[in-house]
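Undergrad: Dropping a prediction and its sequence here:
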Amino acid sequence: MKTKHGTWNLLPVVVVLAFTLISSHSWAVYGVPIINLKQSELLERGGKYLQAAAARELAADFYKFVSIPQFEDDLEYFLSIGEEGKAQFCRNTISGFARSMRLCYKKAEENRKKAKVTKEQMDKYRKRNRMRMLAGCEVYPLMHNGQMGVDVGALEKNGAVAEDFEKAAQGRERTARLYEKITIPWVLYEAGVLEKDGKTELASEFRGKEDSYRQKAEKSRQKAAENLRKAAELRRFEDEEYIANALDGDDASIRELALKKLIRDANYPVLMKAARSAYQDVSQMAKEALENNKELFAALRADLLVLALSSGSIDIRRVAIDELEDLAGTTLGYSPDADMEDRAAALAQWQDWLKTKMKNGLAGIYYKGKNFEKEVFARADKVIDFEWKKEPHKSLPKDKFSIRWIGKISIPKAGKYTLSVKVDDGAKIWIGKMPDLKEIIYDWSEYSYAGNKREVHLEEGLYDLRIEYFENSKNATMKLFWEPEDGKKQIVPKENLFHVSL
């Protein structure tokens with residue numbers, strides 16, 4: 001559940017809750033300093049300057065050692081992938097944090113003078129702050145991937161394509177960097193402070209933590225390298241000819257990987273071919289996939305079969321012709337061994353046929369489980385403008401469900417369009433012309449702040465559109481917007497959304 005910033009009035013409650021939440025909520029990088037700033041203002045108005053000084057110091061230290069380094073890392077990442085808008089957001093945020101940090105240190109000093117605080121009194125509060133900072137610096141490298149829209153553990157467990165493991169590798173690398181940019185600098189800084197205060201034994205304990213965190217960073221990098229190896233292995237299965245050969249090969253493990261790729265891509269024509277395989281493991285797995293994803297394939301198969309008419313594999317073309325003739329109730333007048341020119345002509349003809357079968361709205365396939373575990377039902381959704389207060393359908397639970405929307409989006413005129421979502425909890429969006437769909441939004445986490453909009457240049461005409469969504473708990477929201485370069489932001493109208501219905 002994506003949460004809003006909160007304001008609390010009791011410092012003990014605030015601190016306990018803030019650091020309980022820090023391991024799971026996206027606003028921790030903002031919320032921990034803000035909570036302490038709000039509390040320090042209350043304490044100052046009540047004349048409790050010693051406690052106010054401690055709260056100001058905690059806020060300042062959190063800005064210095066957690067918030068700013070984290071956003072500096074985000075800035076480097078967004079610059080590396082050309083996301084200038086998000087990079088500028090990071091720059092602005094870093095500047096704001098730096099100003100707040102300087103003000104906090106200044107006000108903390110003023111409060112100490114007003115309180116006429118002794119060193120022993122301040123040490124008592126700094127000891128508490130030290131434990132709170134240690135908690136934050138330890139867990140923050142682990143929680144930040146969720147804020148970037150990436151569930152590393154889920155990707156490693158359930159990944160089926162190269163992109164899954166590449167994203168997991170990025171997340172593991174990010175964790176390693178944040179140990180080096182947040183956790184290690186802070187424990188070394190604190191060790192230095194303790195040494196100046198004559199607390200040599202405790203300072204030595206903090207210096208000893210450096211090796212532990214460097215080992216954690218190295219372990220995270222090793223996992224990243226392992227994920228990249230898996231990604232490289234799965235890249236082979238992006239070639240249709242390789243998959244076709246793998247399905248007919250002697251290596252059962254390779255056959256299984258090929259099938260997982262087909263299932264993940266919902267590649268209906270090749271799965272139909274696989275269902276006829278002489279290998280029992282291949283045919284059984286393919287048949288189960290077709291049976292368990294009936295509604296998904298009902299939404300996709302016409303498009304995929306028409307596209308398969310131009311496949312380089314005569315076997316796939318043969319499957320496509322058989323299936324299309326069954327769907328259309330007519331003979332195609334097209335031979336699987338036709339030459340390239342005839343294939344292109346047939347493809348154009350049947351793409352025109354598809355347009356006659358389009359109806360308004362996207363085909364929505366609804367699942368129990370937040371990872372598309374079990375198809376429940378399908379329907380046409382005219383627009384993607386949902387804010388569910390209860391379950392979307394009597395056969396679905398209120399929480400832990402997922403949805404795929406399949407269809408086409410009509411672009412009225414060429415230009416730049418900003419596509420965006422308002423989502424609780426996670427969403428992914430692809431747009432393009434099959435089979436080349438581009439992922440433009442990836443916000444697949446309960447606590448993400450990584451951004452959920454993308455500007456794309458689109459020509460006039462129809463584009464294929466796919467959306468995936470999951471809901472974990474509590475509120476559930478999914479809204480799809482567009483903003484033409486010369487227009488206003490609005491829900492994508494029903495007049496511009498279509499699906500093929502046979």
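TA: Perfect, thanks for sending it. In this text the structure is predicted, and so the values were computed from the model without any measurement. Numbers count the residues shown, from 1 in each chain.
Undergrad: what about the strands in the stretch 351-500 of the chain?
TA: Counting by DSSP state E, counting those that start in this stretch, the stretch 351-500 of the chain forms strands over residues 358-360, 362-368, 374-381, 385-388, 401-411, 415-424, 426-433, 436-443, 453-458, 461-471, 476-484, 490-491, 497-500, given from the N-terminal end onward.
Undergrad: Adding mean neighbour count, mean pLDDT and distance to Ser253, write these out as TSV.
TA: C-beta: built from backbone N, CA, C; applies to glycine. Putting those into TSV (neighbours: other CB atoms under 10 Å; pLDDT from 0 to 100; distance: least, CB to CB, whole Å) gives the following:
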stretch	mean neighbour count	mean pLDDT	distance to Ser253
strand 358-360	15	94	41
strand 362-368	23	96	28
strand 374-381	16	94	27
strand 385-388	15	94	41
strand 401-411	22	96	28
strand 415-424	19	92	37
strand 426-433	21	92	28
strand 436-443	16	87	28
strand 453-458	16	90	37
strand 461-471	21	95	28
strand 476-484	20	94	37
strand 490-491	12	96	46
strand 497-500	22	95	36
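Undergrad: could you dump these to a markdown table with distance to Glu109?
TA: Compiled in a markdown table, these are given as follows (distance: least, CB to CB, whole Å):
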| stretch | distance to Glu109 |
| --- | --- |
| strand 358-360 | 65 |
| strand 362-368 | 57 |
| strand 374-381 | 58 |
| strand 385-388 | 47 |
| strand 401-411 | 52 |
| strand 415-424 | 42 |
| strand 426-433 | 44 |
| strand 436-443 | 41 |
| strand 453-458 | 42 |
| strand 461-471 | 48 |
| strand 476-484 | 44 |
| strand 490-491 | 51 |
| strand 497-500 | 59 |
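Undergrad: Tell me which of those strands approaches Arg128 most closely.
TA: Across those, the minimum distance to Arg128, taken as CB to CB, is reached by strand 415-424, at 34.6 Å.
Undergrad: Return the list of helices and strands in contact with the closest one.
TA: Judged by 3 or more CB pairs under 8 Å, 6 or more residues apart in numbering; DSSP states H and E, strand 415-424 is in contact with strand 426-433, strand 436-443, strand 453-458, strand 476-484.
Undergrad: so which of those comes closest to Glu387?
TA: The closest approach between Glu387 and any of those, judged by CB to CB, belongs to strand 476-484 at 4.9 Å.
Undergrad: okay, the angle between that closest one and strand 415-424?
TA: Taking axes from the mean of the first three to the mean of the last three CA atoms, to 10 degrees, one finds that strand 476-484 is oriented at 170 degrees with respect to strand 415-424.
Undergrad: helices or strands next to strand 476-484 in the packing?
TA: The criterion is 3+ CB pairs under 8 Å, 6+ apart, and the helices and strands that strand 476-484 contacts are strand 385-388, strand 415-424, strand 490-491.
Undergrad: Out of the strands of the stretch 351-500 of the chain, flag the one nearest Ile35.
TA: Evaluated with CB to CB, those place strand 415-424 nearest to Ile35, the distance being 22.5 Å.
Undergrad: Direction included, what does that closest one pair against?
TA: Strand partners for strand 415-424, identified by DSSP bridges, are recorded as strand 453-458 (antiparallel), strand 476-484 (antiparallel).
Undergrad: Let me have those in a markdown table, extended by distance to Ser95.
TA: Output for those, formatted as a markdown table (distance: least, CB to CB, whole Å):
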| stretch | distance to Ser95 |
| --- | --- |
| strand 453-458 | 23 |
| strand 476-484 | 27 |
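Undergrad: Using CSV, list the CA coordinates for stretch 181-191.
TA: Listed in CSV are the C-alpha atoms of stretch 181-191, where the atom choice follows Å, rounded to 0.1, in the frame of the first residue of the first chain:
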residue,chain,number,x,y,z
LYS,A,181,27.3,5.3,0.3
ILE,A,182,25.1,5.3,3.4
THR,A,183,25.9,2.6,5.9
ILE,A,184,29.7,2.5,5.9
PRO,A,185,30.3,6.3,5.9
TRP,A,186,27.9,6.7,8.8
VAL,A,187,29.4,3.9,11.0
LEU,A,188,32.9,5.3,10.3
TYR,A,189,31.8,8.9,11.1
GLU,A,190,30.2,7.7,14.3
ALA,A,191,33.3,5.8,15.2
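Undergrad: Go through it and flag the buried ones.
TA: By neighbour count, and taking 16 or more other CB atoms under 10 Å as the criterion, the buried residues in stretch 181-191 are Lys181, Ile182, Thr183, Ile184, Pro185, Trp186, Val187, Glu190, Ala191.
Undergrad: Need the residues that contact that stretch.
TA: By CB atoms under 8 Å, 6 or more residues apart in numbering, the residues outside stretch 181-191 that reach it are 61, 65-66, 69-70, 72-73, 130, 133-134, 137-138, 140-141, 203-204, 206-207, 209-210, 213-214, 217.
Undergrad: repeat for stretch 465-474
TA: Counting by CB under 8 Å, 6+ apart, the neighbours of stretch 465-474 from elsewhere in the structure are 1, 362, 370-372, 384, 388, 399-409, 423-431, 437, 444, 446, 478, 480, 497.
Undergrad: Identify each buried residue in the longest helix along the chain, please.
TA: In the chain, ranked by residue count with DSSP state H as the criterion, the top helix is helix 200-235. Residues 202-203, 206-207, 209, 213, 216-217, 220-221, 223-224, 227-228, 230-231, 234 are the ones in helix 200-235 that count as buried (16+ other CB under 10 Å).
Undergrad: quick revisit: and the helices and strands packed on strand 415-424 as JSON lines, adding distance to Leu465?
TA: As requested, the helices and strands packed on strand 415-424 are arranged in JSON lines below (distance: least, CB to CB, whole Å):
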{"stretch": "strand 426-433", "distance to Leu465": "5"}
{"stretch": "strand 436-443", "distance to Leu465": "8"}
{"stretch": "strand 453-458", "distance to Leu465": "11"}
{"stretch": "strand 476-484", "distance to Leu465": "9"}
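Undergrad: Among those strands, which comes closest to Leu103?
TA: For Leu103, the closest of the helices and strands packed on strand 415-424 is strand 453-458, at 31.9 Å, according to CB to CB.
Undergrad: what angle sits between that closest one and strand 401-411?
TA: With the same axes, to 10 degrees as the criterion, the two stretches strand 453-458 and strand 401-411 enclose an angle of 40 degrees.
Undergrad: Quick one: residues in contact with strand 453-458.
TA: Applying CB under 8 Å, 6+ apart, the set of residues contacting strand 453-458 is 411, 414-421, 431, 438, 440-441.
Undergrad: out of the residues you listed, who's nearest Gly149?
TA: The closest of the contacts of strand 453-458 to Gly149 turns out to be Ile441 (CB to CB; 9.0 Å).
Undergrad: Isn't the closest one up against Ala427?
TA: Yes - using CB atoms under 8 Å, Ile441 is in contact with Ala427, at 6.4 Å.
Undergrad: Overlap in contacts, the two.
TA: Common neighbours of Ile441 and Ala427, using CB under 8 Å, 6+ apart, are Val421, Asn452.
Undergrad: Need the nearest residue in space to Asp464, chain neighbours excluded.
TA: Met434 (4.9 Å; CB to CB, 6 or more residues apart in numbering).
Undergrad: Report the helix or strand with the lowest average pLDDT across the chain.
TA: For the chain, using mean pLDDT, DSSP states H and E, the weakest element among its helices and strands is helix 11-21, scoring a mean of 35.
Undergrad: now the helices for the stretch 251-400 of the chain?
TA: Defined through DSSP state H, counting those that start in this stretch, the helices belonging to the stretch 251-400 of the chain, from first to last, are 252-264, 268-275, 280-292, 294-308, 314-328, 340-356.
Undergrad: and the third one, average pLDDT?
TA: Spelled out, it's helix 280-292. Across helix 280-292, the average pLDDT comes to 91.
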